[in-house]
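S.K.: Would you be able to build a 3D model of this:
(3 chains, ligands or ions: 7)
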Amino acid sequence: MDKELQDLIKKLLTEKKVDYAIGYEKAYDEFSTRPAFVTSAEDTARLIFNKYCINNLGLYLTKLKKNKIALICKGCDIPTVRELVKEKQFSRENVIVIGAACDGVLDKRTGKQPEKCLNCGVKQPKGADFTVGTAKDSTTARNFNDVAEFEKKSSKEKMQFWDRQFEKCIRCYACRNVCPVCYCPDCFAQRSMPEYLNKNVDAEENKMFHMIRMQHVFGRCTDCKACDTACPVNIPLTLLTKKLAKDAKELFNYESGADMDARPPLSTYDEDDPESGIM
Amino acid sequence: MARIGVFVCHCGTNIAGVVDVTRVAKYAGSLPGVKVAVDYKFMCSDPGQNTIIDAIKKYGLDRLVVSACSPRMHEATFRRTAERAGINPYMVEMANIREHVAWVHSDDKELATQKAMKLMEMAVAKVRRSEALSKMFAPIEKRALVIGGGIAGIQAALDIAGAGYKVLLVEKEPSIGGRMAQLDKTFPTLDCSACILTPKMVAAAQDPNITLLTYAEVTEVCGFVGQFEVKIKKKAKSVNSKCIGCGVCTTKCPSKKALSEFDEKLAPRKAIYTPFPQAVPNVPVIDRTACTFFLTGKCKICEKVCPTGAIDYTQQDEFIKEKFGAVVVATGFDIYDHSNYGEYGYGEIKDVITGLQFERLISSTGPTAGHVTRPSDHREVKNVVFIQCVGSRDEAKKRPYCSRVCCMYTAKQAMLLKDHYPETQAYVFYIDIRSAGKNYEEFVQRAQNEYGVLYLRGRVSKIYERANKLLVKGADTLSGAQVEIEADLVVLANGFEPKKGAKEFAQLFHMSSDQYGFYNELHPKLAPVETAISGVFVAGCCQSPKDIPDTVAMASATAAKVCALFAKEKLEVEPLIAGVNQLTCSGCETCYNVCPYSAIEMKDKEVKRGEVRHVAEVLESVCKGCGACVGACYSKAVDLKGFTDRQVLDQVETATAPITDN
Amino acid sequence: MDNKVPQLNIVGFLCNWCSYAGADMTGLGRNTYPSNIKVIRIPCTGRMDPMMIIEAFHNGADGVLVSGCHPGDCHYTEGNYYWRRRYPHLKSLLEHFGIDKRRFHASWVSASEGKKFAEVVKKVTAEVKDWRDNG
Ligand SMILES: Cc1cc2nc3c(=O)[nH]c(=O)nc-3n(C[C@H](O)[C@H](O)[C@H](O)COP(=O)(O)OP(=O)(O)OC[C@H]3O[C@@H](n4cnc5c(N)ncnc54)[C@H](O)[C@@H]3O)c2cc1C
Ligand code: SF4
Ligand code: SF4
Ligand code: SF4
Ligand code: SF4
Ligand code: SF4
Ligand code: FES
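M.R.: Ligands and ions are numbered 1, 2, ... in the order given. Below is the predicted model:
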């Protein structure tokens, strides 16, 4: 599969279809990969794809707006590309999406497949310009059972749960920095005029940062899990991002990055929207 | 460092009777940045405003907080005060301690005082973050749109045109005239309605400044004061401009199935018709739901008989879009449908008619040429019972309001009946007689004393049909007796209600309505013809039930408002608009997508040296300051002047902090 | 309910054109309601950045009410339609973080609905009180 991938990129580069390609290469050990930016045909030999390719490379698109790029995506990364195109972060013509068939990645921290891979319906990528490889199966539907389970808790229990989690948070902002839809030039969290967020690292301030971030990415977050994976203190951010996905679906029948024509739920409306308990 | 002055108003005892105003002022004095805090009896009075101006000078203030009534009431006043003393008018905030405190928390003075202190403190927090804003101006399209061609609309159009401005008068029926055209004679002078109305209708049609558009309706409105863009549907009349109004088509038309709206369904009308002989314009329309040709494909008699070839069966509805600087809404009223009243026969007894039907019966141009006969068997009448307050002052029918005109028109109709037929007897069932108005009470007295109309105070409990008669059973609460009257005809004084479709119409302009659907004026006393939508005015019965004199007065008032607006060179508009910080804008186009006014433009712009980015920009003359963009921008790049994030956040912070007074 | 509910802090965001005017009408009609609510005037519910509400809870508000024009009546045509989408999403997200549903409310109050505003405030105050007293 690596060969197939390298050949394809080589071809795109020599034919000048793209200025460069963004993919994965081996990092410090065989269980680690890192993003690779490849600009010449010779360089393509670095490119690999395996179960340690956990990062969502869609992140880099927002930073490289003007060039033509070939981007290597797992099936679950492709919605990010669509979402970013919708949000005008670059134009679709400038990106060639190369879907890499994936049998699930491994979370280094646990040595196990993350939950998203257990319920993945896009192991064989959908909506790519080119696809390399063939996945074993790609039929499982996504479910929200864990979120639904959490929702059953009382609000007090929920509060306590998150308070404990966010006590751990060191406000390194890794979660935000790896998030492809957190591309704002000047994130609220760092502003001083006004100071939306106190710079103290305490559980309450940390929690507010996350509440606001989750609100900001609602209807845009593709539940790619990049933040969850990046967190150095293992805060289960997936329980938040999945909640967003569940609410977007249940409240607005919307799935981020699924449909190029559907407007993000908060920047549109329907005169017949339900009243949702408004008095 | 801000130099804030806080001025706490007693509003006589309105505020001071509940709130400890001296404590509020004292607390204000302890807040950071507050250089002076005083209380005074009437802040908005001349001496009150002078207190403020003196304090500004003495303490070198640069911003003010006035703790008084609602900013909706006096914000403009105090902004002007500030301006007079040389402070930017947008450096003023109000704390509403009257409507939002004293008047609603009178049951606990301590809590009320604490809340007043808090609201004042929030206003101080906000004003600390205020920025000086400069005035903005917008152009005015000096052309008025008047909607509804009843007496209200006609009068407004004539007055505006008289001042030299162009007017488009839009009426949905084939003729202007409205309800007044249906009336026979009018109280309190008993002059003939048509005789005073028709000249006005003709004047409107002939005025070079007025364009009449009948059989037309407004379908879409965008824009705002000075610049309304209105889409109007011209319904297909099926008769073109060649028509000379000879009326041959109407005479020859064989279709008689439709009932005349003008004659309140008492008589048939043709499929090609003008509503009444004096119609303006005197051009018929084809009612396609009644026309034999449109129904069966055969007929075309009108086309054959028309001497000018004016009939055009292929005409289509047409839409036009035009710009106006101001709008007068004069869409009038409907009368209450009494089929909800079981005691009056659910609207099923033929000889129980509405007041408006009576007007048509007694009118010499009506279906019976002025003979008051029974709709059921066309017999002449002898005993006629009038019942007042049908769909007025009736809580059970959700019509608790008084329709104001019915007492008077009932007296008028009883008198007209007696005038035409001296041998008849009129009875009137009433709850109270409301005859406030010049010469009104005298008029009702005349009905009773000179015309012998019998007034019975009480409600009718039942009307039975018996042997060609109507048996009216009721109570006379003055004598305590049950009464039973054998009547030939019963005339109901149906109350006024909003025009059908008033709600949908209001939404076109985003006007607010009261719980019944009558349009709301901006202020019940001081702004009775303005609406909350600047540049949109209301006249006549669409605002509330009223008689012709009040309608005309109101219409002329709207005209004065429109003319005052048009007399200005340019329109001063609030500078409370959005602005984008392009350095922080991510170019996501969210604001561009949500803005209701298309006031956002996306641009590729060099925001930093050498860095061209896709960013948003607010079109200042288009932005209305709604803030939808601000609520949607997750990059926090767009903010709203006068309601900035900093201001709101500081208000929130203050609102949630405890009071630190001792 | 009793209008005296000590130590409950409720922040109300009212749109200028309908609900703020409606609350003025409550005063004109001398209807009373509990004094816990502190009103912040905003031009339109469309201005309501969810962040302001999160900040309010973060700062210690016990309850928040956002009120605007009835659908179709927004002074700016569409603002309240956007708000009608933000509200259920935000309510659900806040609840997920443990901010009880009883603490966050929204209403439509027109300029003429002074009585309704009093009722709404009573109901909101009662719900927030219920949350505080009964968890
Ligand atoms: C039975 C009866 C007797 C009365 N007798 C007297 C009397 O003797 N003396 C007196 O002073 N008053 C009398 N009145 C009251 C009088 O009729 C009203 O005061 C007057 O007609 C109000 O005029 P208006 O222009 O506001 O409304 P209307 O006369 O109702 O005119 C409104 C016009 O707007 C048009 N319109 C409505 N909607 C639209 C739309 N969306 N687009 C375009 N056009 C539209 C309608 O077709 C109509 O032509 C009487 C009323 C009744 C019911
Ligand atoms: S899952 Fe996390 S990183 Fe991925 S889009 Fe959502 S918030 Fe961003
Ligand atoms: S948290 Fe919000 S402001 Fe910060 S980068 Fe993400 S979307 Fe932008
Ligand atoms: S990555 Fe983890 S620790 Fe860092 S800010 Fe995000 S949640 Fe907190
Ligand atoms: S919503 Fe905000 S970030 Fe997006 S384009 Fe508008 S101003 Fe820029
Ligand atoms: S405030 Fe924003 S959304 Fe509203 S009109 Fe102005 S630019 Fe448009
Ligand atoms: S102005 Fe009231 S909700 Fe928009």
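
S.K.: buried stuff in the longest helix anywhere in chain C?
M.R.: Scanning chain C for the helix with the most residues, using DSSP state H, yields helix C:114-134. For helix C:114-134, burial by neighbour count (16 or more other C-beta atoms under 10 Å in any protein chain shown) applies to C:114, C:116-125, C:127-129, C:131-132. (Glycine included, C-beta is placed from N, CA and C.)

S.K.: quick one, strands of the stretch 51-200 of chain B?
M.R.: For the stretch 51-200 of chain B, strands defined by DSSP state E, counting those that start in this stretch occupy the ranges B:63-68, B:92-96, B:136-138, B:143-147, B:166-170, B:185-186, B:191-192.

S.K.: Can you flag the weakest of those by average pLDDT?
M.R.: The stretch with the lowest average pLDDT out of those is strand B:136-138, scoring a mean of 87.

S.K.: List the strands paired with that strand, with their directions.
M.R.: strand B:571-573 (antiparallel) (DSSP bridges).

S.K.: List the buried residues in the strand it pairs with.
M.R.: Residues of strand B:571-573 classed as buried by neighbour count (16+ other C-beta under 10 Å): B:571, B:573.

S.K.: Pretty sure residue A:18 sits against residue A:96.
M.R.: Yes - using C-beta atoms under 8 Å, residue A:18 is in contact with residue A:96, at 5.9 Å.

S.K.: chain center to the longest helix of chain C: distance?
M.R.: In terms of C-alpha atoms, centre = their mean, to the nearest Å, the centre of helix C:114-134 is found 10 Å from the chain centre.

S.K.: Check whether that helix comes near ligand 7.
M.R.: No - interface with ligand 7: helix C:114-134 contributes nothing (C-beta under 6 Å from any ligand atom), its closest point being 13.2 Å away.

S.K.: Could you pull out the buried residues of the least confident helix or strand in chain A by mean pLDDT?
M.R.: For chain A, the helix or strand with the lowest mean confidence is helix A:115-118, at a mean of 84 (criterion: mean pLDDT, DSSP states H and E). Across helix A:115-118, burial judged by 16+ other C-beta under 10 Å covers A:115-117.

S.K.: what mean pLDDT does the helix or strand following it have?
M.R.: Next in sequence after helix A:115-118, counting helices and strands by DSSP states H and E, comes strand A:130-132. Model confidence over strand A:130-132, given as mean pLDDT, is 90.

S.K.: circling back to that earlier point, export the buried residues of helix A:115-118 to JSON lines and append columns for distance to ligand 6.
M.R.: Shown next, in JSON lines, are the buried residues of helix A:115-118 (distance: C-beta to the nearest ligand atom, whole Å):
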{"residue": "A:115", "distance to ligand 6": "40"}
{"residue": "A:116", "distance to ligand 6": "37"}
{"residue": "A:117", "distance to ligand 6": "41"}
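
S.K.: Just put the residues you listed in CSV and tack on distance to residue B:381.
M.R.: Shown next, in CSV, are those (distance: C-beta to C-beta, whole Å):
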residue, distance to residue B:381
A:115, 86
A:116, 86
A:117, 90
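
S.K.: Residue B:204: which of the residues you listed is nearest?
M.R.: When those are compared for distance to residue B:204 (C-beta to C-beta), residue A:116 wins out at 71.8 Å.

S.K.: circling back: within reach of ligand 5, which of the buried residues of helix C:114-134 are there?
M.R.: Contacts with ligand 5 within those, counted by C-beta under 6 Å from any ligand atom: none were found.

S.K.: quick revisit: I'd like to know which of the strands of the stretch 51-200 of chain B is closest to residue A:71.
M.R.: strand B:136-138 (46.0 Å).

S.K.: how about that closest one: buried residues?
M.R.: Buried positions in strand B:136-138, judged by neighbour count with 16+ other C-beta under 10 Å: residue B:136.

S.K.: Quick one: end-to-end distance for stretch C:101-115.
M.R.: Its first and final residues considered, stretch C:101-115 spans 24 Å by C-alpha to C-alpha, to the nearest Å.

S.K.: buried ones in it?
M.R.: C:102-114.

S.K.: repeat for stretch B:276-284
M.R.: In stretch B:276-284, counting by 16+ other C-beta under 10 Å, buried: B:276, B:278-284.

S.K.: do that stretch and ligand 1 meet?
M.R.: No - using C-beta under 6 Å from any ligand atom, we find that stretch B:276-284 stays clear of ligand 1, coming within 11.3 Å at best.

S.K.: Could you break chain A into its assigned domains?
M.R.: If you go by automatic domain parsing, the domain ranges for chain A are A:2-132, A:145-267.

S.K.: Say whether chain B is contacted by the longest one.
M.R.: Read it as domain A:2-132. Yes - shown here: domain A:2-132 in contact with chain B (C-beta under 8 Å from any C-beta of the partner chain) through A:87-89.

S.K.: between residue A:18 and residue A:96, what contacts are shared?
M.R.: Common neighbours of residue A:18 and residue A:96, counting by C-beta atoms under 8 Å, 6 or more residues apart in numbering or on different chains, are A:12, A:68-70.

S.K.: residue contacts, the closest residue to residue B:176 other than its chain neighbours?
M.R.: Of all residues not flanking residue B:176 in the chain, residue B:149 sits nearest, at 3.1 Å (C-beta to C-beta, 6 or more residues apart in numbering or on different chains). Residue B:149 makes contacts with B:169-171, B:173, B:175-178, B:204, B:212, B:214, B:330, as judged by C-beta under 8 Å, 6+ apart.

S.K.: just checking, residue B:172 touches residue B:219?
M.R.: No - counting by C-beta under 8 Å, residue B:219 is not a contact partner of residue B:172; they are 11.1 Å apart.

S.K.: more neighbours, those two?
M.R.: Of the pair residue B:172 and residue B:219, residue B:172 is the one with more neighbours under other C-beta atoms under 10 Å in any protein chain shown, namely 18 against 13.

S.K.: ok, for the more buried one, nearest residue in space, not its chain neighbours?
M.R.: Once flanking residues are discounted, residue B:172 sits nearest to residue B:217: 4.9 Å by C-beta to C-beta, 6+ apart.

S.K.: go on, residue A:83?
M.R.: residue A:257 (4.1 Å).

S.K.: likewise residue B:114?
M.R.: Sequence neighbours aside, residue B:659 is the residue nearest to residue B:114 in space, at 5.9 Å (criterion: C-beta to C-beta, 6+ apart).

S.K.: you'd agree residue B:532 is in a helix?
M.R.: No - counting by DSSP: H, G, I helix; E, B strand; the rest coil, residue B:532 is not part of a helix but coil.

S.K.: From what I see, it and residue B:519 are in contact.
M.R.: No - when contacts are counted by C-beta under 8 Å, residue B:532 is not listed as touching residue B:519 (9.9 Å).

S.K.: anything in contact with each of these two?
M.R.: Looking at what touches both residue B:532 and residue B:519 (by C-beta under 8 Å, 6+ apart), the common residues are B:511-512.

S.K.: What values do phi and psi take at the residue positioned nearest the centre of chain B?
M.R.: Computing the C-alpha centroid of chain B and ranking residues by C-alpha atoms, centre = their mean puts residue B:519 first, at 3.4 Å. The phi/psi pair for residue B:519 (degrees, to the nearest 10) reads phi -70, psi 140.
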